[in-house]
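# Below are the sequence and a predicted model; questions follow.
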Amino acid sequence: KSYVANKFPLDHSLGAIHKREPRGRVRIGYYSADLYYHPVSIWLAEQLENHGKSKVELYAFCLKSVQDPMRDRLEAAFDHWIDVQSTSDLEIAKLSRELEIDIAIDLNGHTADGRTGVFAARAAPIQVSHLGFPGSMGAEYIDYMFWQDPSPDEDLQELAINRQFITEKIAYVPSTYTYDRQRQLSDEPLTRAQHGLPETGFVFTCQNGCQKLMPEVFDIWMEILKAVPGSVLWLLKPNETAVKNLIKEANARGVEAERLIFTAREVVSIDQERARIGRYLASYKLADLFLDTWPYNAGTTAIDALWAGLPVLTKEGKASVARMAAGALRGIEVPELITRTPQAYQERATELAHNPEKLKQLKEKVQANRLTTALFDPVGNTRHIESAYLEMYGRYQESSEPQDFSIGHDTK
């Protein structure tokens, strides 16, 4: 809140937005610097493609122009595409008002190339933070954010206590994710040796960026490796300095350097990107268990692993970034992989590594649930998101103040 007040205070330059009469379709503007092959677009693509175009009219405000196949796909899904890379925040807000955008969706939030100033000047009467920034913006002019419906195994009292740390009103939906099911696994032959992995022994993996690796998590990972003889930890290769530091820290905890395996992300030309993605997704099948990080969970990487059929073990926290993988596991109906303490996380990882039959059953469950549960149901999840937008718009038209609501529960 202090950051927003200092950098992006409410801008009254354009005055208030006068109430407009309802029309046939609600105009929804998506504002993003990530409308190309980027994690945000992985979540967005099928959501756009499955929207009911009789209800909503979609506008893209492209804040950074990058031409690739995903950009082409997104452009085809929007009704209108507007390149505003060289346009000021105030001018974008003014243009949005002239186009009579009803709901402005900030897909960046406080991330690289975000344009919070657009929303500080009120681009639309309803403003929503979605997908790009997994947390509260701390900005009173952002009216709503999405949150996954609480499940029976969650502590509702704890959720209520933590509600005070979110400035937006919350739209609860069954799933905030709309995974891109066009990301198919490659059927190319794949071996552990190709990735520097041992042919035998248990392979733990985490493909999160190294900025998510905290000392507490690394401590526990090393204890897990020591408790599972012959096991290795397969990581996304960071920069050379980080590699040296991680090996040094592993040695300090009594773990040999060769038990950390680093694989660099493959880099290919744009025309080869689809094949690369297929190989990347298929590579998860070489591992036995994905170990999540905290307090910043895996997002796309966790769901990529589940899409490939690999179980993901997570520790759930209180903030939205600490609940991403848990939300995915509930969506695929495998809540037994959610833990809430470091000790439980360590014990579960060790138990699964020592119990091949139990791990096999979990893998079979993840594989079976891929195409039958909410996590990978883009049409159903889009309908819920769309219903939430229409609920926000309906409340605005009734001159009701934004408030928390849940789709399927207290909606009209």
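Nice, I can see it.
# hang on, Leu14 is in a strand, isn't it?
No: when DSSP: H, G, I helix; E, B strand; the rest coil is applied, Leu14 is found to be coil, with no strand at that position.
# Nearest residue to it in space, please, no chain neighbours.
What sits nearest to Leu14 in space, not counting adjacent residues and going by C-beta to C-beta, 6 or more residues apart in numbering, is Ala121, at 5.6 Å. Backbone N, C-alpha and C define where each C-beta goes, glycine included.
# Return the residues in contact with the one you found.
Neighbour list for Ala121: Asp11, Ser13, Leu14, Asp89, Leu90, Ala93, Lys94 [criterion: C-beta atoms under 8 Å, 6 or more residues apart in numbering].
# Could you check how far Ser41 is from Thr300?
Per C-beta to C-beta, to the nearest Å, Ser41 is found 11 Å from Thr300.
# tell me, what's touching those two both at once?
By C-beta under 8 Å, 6+ apart, Ser41 and Thr300 have no common neighbours.
# so what's Tyr31 closest to, chain neighbours aside?
Tyr31 sits nearest to Phe61 (C-beta to C-beta, 6+ apart), 4.4 Å away.
# which SS state does that neighbour fall under?
Assigned state for Phe61: strand (three-state reduction, three-state DSSP).
# where's the residue nearest to Leu14 relative to Val366, distance?
For Ala121, the distance to Val366 - C-beta to C-beta - is 45 Å.
# Tell me the spacing between the residue lying closest to Leu375 once chain neighbours are set aside and Glu98.
Counting by C-beta to C-beta, 6+ apart, Leu375 lies nearest to Gly331, which is 3.3 Å off, once chain neighbours are set aside. For Gly331, the distance to Glu98 (C-beta to C-beta) stands at 39 Å.
# Which parts of the stretch 251-400 of the chain are strands?
In the stretch 251-400 of the chain, the strands defined using DSSP state E, counting those that start in this stretch lie at 260-263, 289-291, 312-315, 338-339.
# Give the pairing partners of the shortest one; include direction for each.
Next to strand 338-339 in the sheet, as set by DSSP bridges, lie strand 312-315 (parallel).
# Please save the CA atoms from the strand it pairs with in CSV.
Extracted C-alpha coordinates of strand 312-315, given in CSV (Å, rounded to 0.1, in the frame of the first residue of the first chain):
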residue,chain,number,x,y,z
VAL,A,312,3.6,-32.5,-6.9
LEU,A,313,4.3,-32.3,-3.2
THR,A,314,3.6,-28.8,-1.7
LYS,A,315,3.5,-27.0,1.6
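# Could you list the residues in contact with it?
For strand 312-315, the external contacting residues (C-beta under 8 Å, 6+ apart) are 289-292, 294, 297-298, 302, 305-306, 325-326, 328-329, 337-342, 344-345, 348-349, 352.
# can we see that at 6 Å?
Here strand 312-315 makes contact (C-beta atoms under 6 Å, 6 or more residues apart in numbering) with 290-292, 294, 302, 305-306, 325-326, 337-339, 345, 348-349.
# How far does that strand sit from its chain's centre?
15 Å (C-alpha atoms, centre = their mean, to the nearest Å).
# Check stretch 196-214 too.
20 Å.
# For the nearest residue to Glu199 once chain neighbours are set aside, grab phi and psi.
In space, and not counting its chain neighbours, Glu199 is closest to Arg192: 5.6 Å by C-beta to C-beta, 6+ apart. Backbone torsions of Arg192, given as degrees, to the nearest 10, read phi -60, psi -40.
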